[in-house]
Every structure is written in C-alpha cells, then in structure tokens.
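Asker: Curious how this folds, go ahead:
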Amino acid sequence: MLVKVYGSAVFGVEATTITVEVNIDKGIGYHLVGLPDNAIKESSYRIAAALKNNGYQLPGKKITINMAPADLRKEGSAYDLTLAIGILVASGQIKADDVDRYIIMGELSLDGSLQPIKGALSIAIKAKEEGYKGFFLPNQNVKEAAIVAGLEVYGIENVTQVIDFFEGKNALTPTEINTREEFYKTLDFPEYDFSDVKGQESIKRCMEIAAAGGHNIILIGPPGSGKTMLAKRLPSILPPMTLREALETTKIHSVAGKIKEAGLMNQRPFRSPHHTASSVSLVGGGSYPQPGEISLSHNGVLFLDELPEFKREVLEVMRQPLEDREVTISRAKFTITYPASFMLVASMNPSPSGYFMDPHAPVSSSPAEMQRYLSKISGPLLDRIDIHIEVTPVPFEKLTETRKAESSVEIRKRVIKAREIQSKRFESLEHIHYNAQMGTKLIREYCVLDEASLHLLKTAMERLTLSARAYDRILKVARTIADLEDSEHVNSNHIAEAIQYRSLDRDGWLG
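Answerer: A predicted model of the protein is given here:
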C-alpha cells in the first residue's frame, strides 16, 4: 500500500514542503531514499523502538520510503514522526483518510515522546501558504508556530496523541495565540538603564543619535571608562520592534533553534560574540548553513567588545553585510541569503596597554605602538562605522553624585519621535526605514546643504582626508541630528556635530 505524508525542510529562513512516500510490499527490507542524511537514516531504530513501546510495530515487510523532491538534501531528526505515521498508515495499523491535509514534524524518543525541532515558524508559514489544514509538532515549539493565524497548530507530547487523533479516539485542541495582543502586552524595558550611568553626557548623546538613525558606532577609551556599560544599555533606548520586525527576527532565531518555549520575540536582540569567534560563526555557514551572529542580530545590536582582539579576517567578512544588510552563503548546489540589518556597536582601547600618552597612567603606549594596534582594524571597515567617539574616564566628583541621570525611558521618547519622522519620510520605500539605510540617491535628496554647511564639510574633508563613504556617513548622521531637533533642513550646526563624531579620522589617531 502506498501512502503520502508531508513534512518540511528549512533552507535559509524559508521552508520547502517534503512529500514522504511510504510503500509497503511483499518481501523484507527497509529502504530510505531521497538524499537523507545520517540522522534520518538512523530514524528506523528510533521509530521501531517508539512504536513497540506504544503497542505498535514496524512491519516485517519490504518498506520503501522516498523523500521528494529526491534531489534536495534532507537533514536532521525532525522527520521521525512523519516517517512513523506514514509507516503505520501504509501498513494498515491505523486508518487516517485525511493525513495528507497536515504537516507532521518531530523527533522521536524511544518511549514515543517528542523532542523539539528547528524552524517551526518558517514551516508553519509555508504550510499556511500551501493551504494545509494543520500542523503537528512537538509541544515545545507550539507557541512559535501558533503565531501563524489560519492554521490549526497542535502541540504533541507523544506519538500516540497523533495516532488517536487520526483514528478519532481523542480530539486535540489547536493552540491559538493572539499575536498582536501577545506582542504589545509584554513590551517592556531591559534591565539595563542609562540612569545608572554617571557622567558621560557626550557619550549618551552619541548613543541617542546612533539609536535614532540606526547608525553604527565605535567607542574608544581606556579600561574602566564605561564603554561596555554604555553599549549594554543601548537596546533600552531603541524603539520597540514593529510586528513585521518581530516576525522576521523570530523566524531567524527559530531556524537557529534559539527559541526556548516562547512565542513571538518582542525585544530587539543583543548579541555579543567573544573575540575568538570564527568567520563562519559571525556570518553564518557550515556544511548545512545556519545563521551567524550578524543574522541573529537582525533588527537589533551586534556588540563587538575589544574590536582589535578579533582576527582581522573575521572583521573583514562583515564589510559586505554592513553595506548590503544581508549575507549570501554560496555552496556548490545552492545559495542561501540571510537578512543582516543590524546596528554594529564596537568598543576598543586606544593602545595595547589601554592608555595613550596619559601622564597619569600606570603604563603608557608610544604613538608607534598605538598605530600598530589600531592597524588591526582596516580603513574600509572604519569607513562603514558612522560614529567614532572617545570615552574618557569619569571624574570622582561625577561618580559620587547622588542625582539620578536621565533615564532610558526619557531618551527613548526622543528616539521614537525621530524614528517616526524617518518612517514618514521613507514610507513609500519598501526596504528603507531609517537614516542609516539611505543610499547615495536618497542622501542627495534628503541631505541638501546650504553654502555655510558645504564650506564646513569641504574643509573637514580636505583636512581629515575623508573618503567618499565617510562623506556620506557624515551627511546621514547630520540628517539624524536634524531629525532629533525636528528640523526639516540640515544646517551647519548639524554638520559640525556630525564631523566631530569622526575621531579616528583625525591626526594623531591613525596617522
């Protein structure tokens, strides 16, 4: 008897429906075809034990299973439940006339219970698109899949629940989630708040500008000056994610298996990889490509602490994603594109000792040592960072102040207001939402300068020998400063402040 059941494979962040054809005939043998990997080939042992422990059996006949399309590589143990149900129906042990209306996924334990799978949200979206009635999956993944409205999503704890459902012995209740209600109900602020930061008013101003325009920022300063502390508080002033951004972000984390019994993500991700991270872990890849740190930071913040300690080749792979806001991983037989629209926040010491020409420092570094240290970061990468700012140690008087600093809530209000201006400005453009995403054409359209501003920018370009990319970055930052002031035009004050945030372009830093 031939039976077709349906599963799904995830490539990149998109799912592809897999047809599992199970044929049982006279003879002996278990033949699994359709490019399965070792985890799927081993499934026969898990299925046999799970069925036996629940009162069913693997038939002693010739079982041929084809996973179509047969030229597409299948990986992982999530097809165990699909294969098990297919075998039971094909062998006549259970009757399931409408099994072809459901997507069935899950890894089986030997007692028949289910282990979580990856990419449940992507699979549910594809199932809804292709008109399937429902989706059976492990209970641990049910919340993320139930985000998709119009699809019956059943969380399963044991294989017997699926069997009883198809035989009409036990009715299952689909999990339903009001996505909008869940999303807005749990919007709150992270534990870190800018009110904890003493002094550093100029740095807070930079952080506000970076958050308002989605700009990349690098903090340069000696140890203990508060670089990491400030960076960790940046997410607390970023505007809340939109529902579209939340779905995009949840999809990526679902594919990577990072969703732990949770539904829709509503906090912007903050990723902080260690400086020993490899190129593949940062941009994604592997024999079965997975999203890297830059994709897991999509719509959020990627924080690289002690930037010069990262290997140079690891940092260089970020150059293209920083411009294109996506990363493409190519293999011989397929190409996968992951979104990577993130804010890069980096911190670094100005020299190996952490101090540069500081007469009060315990250990100081010479200009030659400092330049050798800074040369680990390439000019093209620094060009892609909009704001460079020096962080100085906080004086004792500021540290002992009892007055509370401005809270993240207050700063966030100004950031949201500036982002609303930008959203309105770019409402006719599909992939542009804030100033940092502007291309050259949009910069020329929305950053028109008067004579005084042009003269000021020309002088800065000549004295600092800035590149064309740095020129564009200054205009973008100036546009954001103008938005924070609710100014329609970019004037010389905005340009002057934006130029000031190019510390590493000045003499004395990189030569």
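Asker: all helices for the stretch 1-150 of the chain, in order.
Answerer: For the stretch 1-150 of the chain, the helices defined by DSSP state H, counting those that start in this stretch cover 38-41, 43-52, 80-90, 120-129, 142-145.
Asker: nearest to residue 373, of these?
Answerer: helix 120-129 (43.1 Å; C-beta to C-beta). The C-beta positions use only the backbone N, C-alpha and C, and glycine is treated the same way.
Asker: Identify each buried residue in that closest one, please.
Answerer: By 16 or more other C-beta atoms under 10 Å, the buried positions in helix 120-129 come out as 120, 121, 122, 123, 124, 125, 126, 127, 128.
Asker: The fourth one is in contact with residue 135, isn't it?
Answerer: I take that to be residue 123. Yes: using C-beta atoms under 8 Å, residue 123 is in contact with residue 135, at 6.9 Å.
Asker: got any residues that touch both of those two?
Answerer: Counting by C-beta atoms under 8 Å, 6 or more residues apart in numbering, the residues touching both residue 123 and residue 135 are 103, 105, 145.
Asker: which one of the helices of the stretch 1-150 of the chain lies closest to residue 283?
Answerer: Of all the helices of the stretch 1-150 of the chain, helix 120-129 sits nearest to residue 283, with 20.0 Å by C-beta to C-beta.
Asker: Which elements pack onto that closest one?
Answerer: For helix 120-129, the helices and strands in contact under the criterion 3 or more C-beta pairs under 8 Å, 6 or more residues apart in numbering; DSSP states H and E are strand 2-11, strand 14-25, strand 134-138, helix 142-145, helix 243-255.
Asker: what's the closest of the helices of the stretch 1-150 of the chain to residue 66?
Answerer: helix 80-90 (10.5 Å).
Asker: Mean confidence (pLDDT) on that closest one, please.
Answerer: What helix 80-90 shows for mean pLDDT is 97.
Asker: which residues touch that helix?
Answerer: Helix 80-90 is contacted by residues 1-7, 18, 20-24, 43, 46-47, 50-51, 56, 58-59, 63, 65, 94-96, 99, 104-108, 114, 136, 156, 159, 162-163, 166 when judged by C-beta under 8 Å, 6+ apart.
Asker: Please check those and keep the buried ones.
Answerer: The buried subset of the contacts of helix 80-90 - by 16+ other C-beta under 10 Å - is 3-7, 18, 20-24, 43, 46-47, 50-51, 56, 58-59, 63, 65, 94, 96, 99, 104-108, 114, 136, 156, 159, 162-163, 166.
Asker: How about residues contacting stretch 315-335?
Answerer: Identification of contacts with stretch 315-335 by C-beta under 8 Å, 6+ apart yields 11, 73, 216, 279, 282-285, 289, 292, 294-295, 304, 307, 336-341, 344, 377-378, 380-381, 384, 431, 437.
Asker: Next step: the residues you listed restricted to helices.
Answerer: Among those, the members falling in helices (DSSP state H) are 279, 282, 283, 294, 295, 380, 381.
Asker: show me the contacts for the fourth one.
Answerer: Just to be clear, that refers to residue 294. Contacts of residue 294 by C-beta under 8 Å, 6+ apart are 282, 283, 284, 302, 318, 321, 327, 340, 342.
Asker: Adding distance to residue 30 and pLDDT, write these out as a markdown table.
Answerer: Below are these laid out as a markdown table (distance: C-beta to C-beta, whole Å; pLDDT from 0 to 100):
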| residue | distance to residue 30 | pLDDT |
| --- | --- | --- |
| 282 | 41 | 94 |
| 283 | 40 | 92 |
| 284 | 35 | 90 |
| 302 | 46 | 97 |
| 318 | 47 | 91 |
| 321 | 44 | 92 |
| 327 | 40 | 93 |
| 340 | 42 | 93 |
| 342 | 46 | 94 |
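Asker: any chance of those residues in JSON lines, plus neighbour count?
Answerer: Converted to JSON lines, the contacts of residue 294 look like this (neighbours: other C-beta atoms under 10 Å):
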{"residue": "282", "neighbour count": "24"}
{"residue": "283", "neighbour count": "22"}
{"residue": "284", "neighbour count": "25"}
{"residue": "302", "neighbour count": "26"}
{"residue": "318", "neighbour count": "24"}
{"residue": "321", "neighbour count": "25"}
{"residue": "327", "neighbour count": "22"}
{"residue": "340", "neighbour count": "26"}
{"residue": "342", "neighbour count": "25"}
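Asker: Return the member of the residues you listed nearest to residue 464.
Answerer: Lowest distance from residue 464 to the contacts of residue 294 (C-beta to C-beta) belongs to residue 318, with 23.6 Å.
Asker: Can you name the next helix or strand after the helix or strand bottoming out on mean pLDDT in the chain?
Answerer: When each helix and strand of the chain is scored by mean pLDDT, DSSP states H and E, helix 179-185 comes last, with a mean of 67. Moving toward the C-terminus from helix 179-185, the next helix or strand (DSSP states H and E) is helix 201-213.
Asker: May I see the buried residues of that following helix?
Answerer: Neighbour counts over helix 201-213 (16+ other C-beta under 10 Å) mark 203, 204, 205, 206, 207, 208, 209, 210, 211, 212, 213 as buried.
Asker: other SSEs contacting the helix or strand that comes right after it?
Answerer: Scanning forward in sequence from helix 201-213 by DSSP H and E, the next helix or strand is strand 217-220. Judged by 3+ C-beta pairs under 8 Å, 6+ apart, strand 217-220 is in contact with helix 201-213, helix 227-232, strand 343-348, strand 387-390.
Asker: Touching strand 217-220 from outside, list them.
Answerer: By C-beta under 8 Å, 6+ apart, strand 217-220 touches 203, 206-207, 210, 227, 230-231, 307, 343-350, 382, 385-391, 503-504.
Asker: Show the buried residues in these.
Answerer: The neighbour-count test (16+ other C-beta under 10 Å) marks 203, 206-207, 210, 227, 230-231, 307, 343-350, 382, 385-391, 503-504 as buried among the contacts of strand 217-220.
Asker: Report the spatially nearest residue to residue 411, omitting neighbours in sequence.
Answerer: Computed as C-beta to C-beta, 6 or more residues apart in numbering, the closest residue to residue 411 that is not its neighbour in sequence is residue 237, at 4.6 Å.
Asker: so who does the one you found touch?
Answerer: Residue 237 makes contacts with 194, 207, 208, 211, 408, 411, 412, 415, as judged by C-beta under 8 Å, 6+ apart.
Asker: show me where pLDDT drops low in the stretch 101-250 of the chain?
Answerer: Across the stretch 101-250 of the chain, the ranges flagged by pLDDT under 70 are 182-190.
Asker: how close does residue 392 sit to residue 497?
Answerer: Per C-beta to C-beta, to the nearest Å, residue 392 is found 18 Å from residue 497.
Asker: who's more crowded, those two?
Answerer: Ranked by neighbour count (other C-beta atoms under 10 Å), residue 392 and residue 497 place residue 497 first, with 17 against 13.
Asker: Am I right that that one is in contact with residue 479?
Answerer: No: at 11.7 Å, residue 497 and residue 479 do not qualify as touching, with contact defined as C-beta under 8 Å.
Asker: And the chain, split by domain according to the record?
Answerer: Annotated domains of the chain cover 2-177, 194-411 [automatic domain parsing].
Asker: Any chance of JSON lines for these, columns distance to residue 466?
Answerer: What follows is the domains of the chain, written out as JSON lines (distance: least, C-beta to C-beta, whole Å):
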{"stretch": "domain 2-177", "distance to residue 466": "37"}
{"stretch": "domain 194-411", "distance to residue 466": "9"}
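Asker: Of those domains, which is nearest residue 424?
Answerer: Nearest to residue 424, of all the domains of the chain, is domain 194-411, at 13.8 Å by C-beta to C-beta.
Asker: And the closest one, how far out from the chain middle?
Answerer: In this view, domain 194-411 has its centroid 13 Å away from the chain centroid, taken as C-alpha atoms, centre = their mean, to the nearest Å.
Asker: Tell me which residues are up against stretch 42-50.
Answerer: Residues outside stretch 42-50 that contact it (C-beta under 8 Å, 6+ apart): 30, 32, 57-58, 77, 79-80, 83-84, 87, 107-112, 159.
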